[in-house]
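Undergrad: what shape does this take:
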Amino acid sequence: MADSPAGCPEFSNSTALLLRLMSKRRTWVCLFVSVYTLLLFLSWNFLKSVLSWYEFESAPASGWPALYASALLGLAFGVLSMVAALAVAVPATLVTWITVLVLLTFFGKPRKTLVVEGKKLTAEITGFVVKVLIKEGNLVAAVCAVLGYFALVRHRENGGGPLDFQ
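TA: Below is the predicted model:
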């Protein structure tokens with residue numbers, strides 16, 4: 001590869017196009033919207049399959065199928081909320097990490113110390129983010145499971161009938 005006059009290597013047309021596309025904000029917005037559309041589509045199909053299983057399995061006197069179905073729904077929405085929070089937390093975490101490393105550099109830390117501090121900082125920030133994500137995901141899962149259970153039991157007490165979400 002030949003170097004350009006600015007000292008940067010020249011890229012093939014496809015690589016240059018890919019780099020130009022990925023540097024645009026609208027590309028990331030489209031990617032974000034596409035991923036969340038896929039997640040919502042999958043969770044909606046999962047919701048419909050759990051509810052159809054609930055209708056098939058539930059006996060009039062038993063509350064166990066409602067408990068299982070609500071636990072599955074809580075799990076699905078808890079994971080979905082953790083993925084959504086992760087999408088927001090990663091950029092914020094990177095900005096915080098970069099800011100702290102730049103501040104340490106401005107205070108005259110040597111490079112070896114910066115590497116050690118950077119590794120410690122990465123482990124500390126990652127641990128904190130994982131703890132917060134798990135706590136929030138568990139909270140959403142518990143709320144969705146409890147609400148789902150009461151909704152399914154109430155639906156059963158009001159005469160049942162098919163659960164249709166078309």
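
Undergrad: flag the shaky bits of this structure, pLDDT-wise.
TA: 1-11, 22, 24, 27-28, 58-63, 155-156, 159-166 (pLDDT under 70).

Undergrad: hey, where'd the strands end up in it?
TA: Here the chain has no strands by DSSP state E.

Undergrad: need the longest helix for it.
TA: Determined from DSSP state H, the single longest helix within the chain is helix 111-157.

Undergrad: next one: that helix to chain centre, how far?
TA: Computed by C-alpha atoms, centre = their mean, to the nearest Å, the chain-centroid distance of helix 111-157 equals 10 Å.

Undergrad: now for that helix, which elements pack on it?
TA: helix 64-106 (3 or more C-beta pairs under 8 Å, 6 or more residues apart in numbering; DSSP states H and E). All C-beta spots, glycine's among them, are computed from the backbone N, C-alpha and C.

Undergrad: try it again with 10 Å
TA: helix 25-57, helix 64-106 (3 or more C-beta pairs under 10 Å, 6 or more residues apart in numbering; DSSP states H and E).

Undergrad: how far off helix 25-57 does it point, in degrees?
TA: Interaxial angle of helix 111-157 relative to helix 25-57 (axes from the mean of the first three to the mean of the last three C-alpha atoms, to 10 degrees): 40 degrees.

Undergrad: name the surrounding residues that touch stretch 98-113.
TA: Identification of contacts with stretch 98-113 by C-beta atoms under 10 Å, 6 or more residues apart in numbering yields Leu114, Val115, Val116, Glu117, Gly118, Leu121, Thr122, Ile125.

Undergrad: quick check: which of the helices and strands packed on helix 111-157 is buried the most?
TA: Compared across the helices and strands packed on helix 111-157, helix 64-106 shows the largest average neighbour count, a mean of 15 (mean count of other C-beta atoms under 10 Å).
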